[in-house]
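Participant: what's the 3D shape of this:
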Amino acid sequence: MRAPPAHSEILGSGPGPVLLGAGGLLAFVLVAVLAGRGPPVAAPPEIEARPAAALAFRAEDRDDGSVALREAGSLRVVATIRPGEDGFVRGTLRGLAQARQREGLGPEAPFRLVRYADGRLALEDASTGRTVALQAFGPTNAAAFGRILEEAQR
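Facilitator: You can find the predicted model right below:
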């Protein structure tokens with residue numbers, strides 16, 4: 001009866017070739033990753049546009065489930081968001097309000113809705129330093145905030 005093959009007969013002349021192969025593969029992957037990264041690419045510069053219109057407002061929850069948007073200076077209601085309407089506006093404002101709560105901030109400071117000269121819309125919260133570029137959510141959602149700005153200017 002023949003004895004089972006020795007370990008060195010199965011792998012060749014020992015673990016050396018396997019380790020060399022694994023090391024070569026690791027070196028190849030490292031070189032490929034480093035070569036693929038290339039030089040850093042600078043982000044395109046943000047085009048500086050000046051605000052064409054702005055509205056500082058506070059969002060106030062009402063007992064009927066609606067949200068009143070009050071102009072910060074005069075406290076006049078510039079828009080009312082009824083329950084079940086303008087879900088994007090409601091959700092965006094809720095997200096900013098929750099960020100304030102997480103940071104221990106209250107609702108006293110107004111939000112600022114800005115339309116820039118190039119047409120972009122942004123919702124800013126100076127309390128937290130957050131800015132929401134509204135065009136990023138599509139033209140329909142940005143238009144919902146645009147209507148608020150137009151109503152406030154009447």
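
Participant: Need the three-state assignment for the residue positioned nearest the centre of the chain.
Facilitator: Most central in the chain under Cα atoms, centre = their mean is Val132, positioned 7.6 Å from the mean C-alpha point. Local secondary structure at Val132 is given as strand here, using DSSP: H, G, I helix; E, B strand; the rest coil.

Participant: OK, contacts around the residue nearest to it when sequence neighbours are not counted?
Facilitator: Nearest in space to Val132, with sequence neighbours left out and distances taken as Cβ to Cβ, 6 or more residues apart in numbering, is Leu123 at 4.4 Å. Heads up, the C-betas are built off the backbone N, CA and C, glycines and all. When the contact criterion is Cβ atoms under 8 Å, 6 or more residues apart in numbering, the partners of Leu123 are 92, 96, 111-114, 131-132, 134, 145.

Participant: neighbouring strands for the longest strand seen in the chain, and are they parallel or not?
Facilitator: Counting by DSSP state E, the longest strand found in the chain is strand 51-61. With DSSP bridges as the test, strand 51-61 is paired with strand 67-71 (antiparallel), strand 111-116 (antiparallel).

Participant: Redo these as CSV? Include distance to Arg58, mean neighbour count and mean pLDDT.
Facilitator: CSV is the format used below for the strands paired with strand 51-61 (distance: least, Cβ to Cβ, whole Å; neighbours: other Cβ atoms under 10 Å; pLDDT from 0 to 100):
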stretch, distance to Arg58, mean neighbour count, mean pLDDT
strand 67-71, 5, 18, 94
strand 111-116, 7, 20, 95
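
Participant: I'd like these as a markdown table, with distance to Val29 appended.
Facilitator: Listed next are the strands paired with strand 51-61 as a markdown table, based on distance: least, Cβ to Cβ, whole Å:
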| stretch | distance to Val29 |
| --- | --- |
| strand 67-71 | 53 |
| strand 111-116 | 45 |
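
Participant: Quick check: which of these is nearest to Arg154?
Facilitator: Each of those was scored for nearness to Arg154 using Cβ to Cβ, and the closest is strand 67-71 (11.7 Å).

Participant: So what touches the closest one?
Facilitator: The contact list for strand 67-71, computed with Cβ under 8 Å, 6+ apart, reads 55-62, 76-81, 90, 93, 148, 152.
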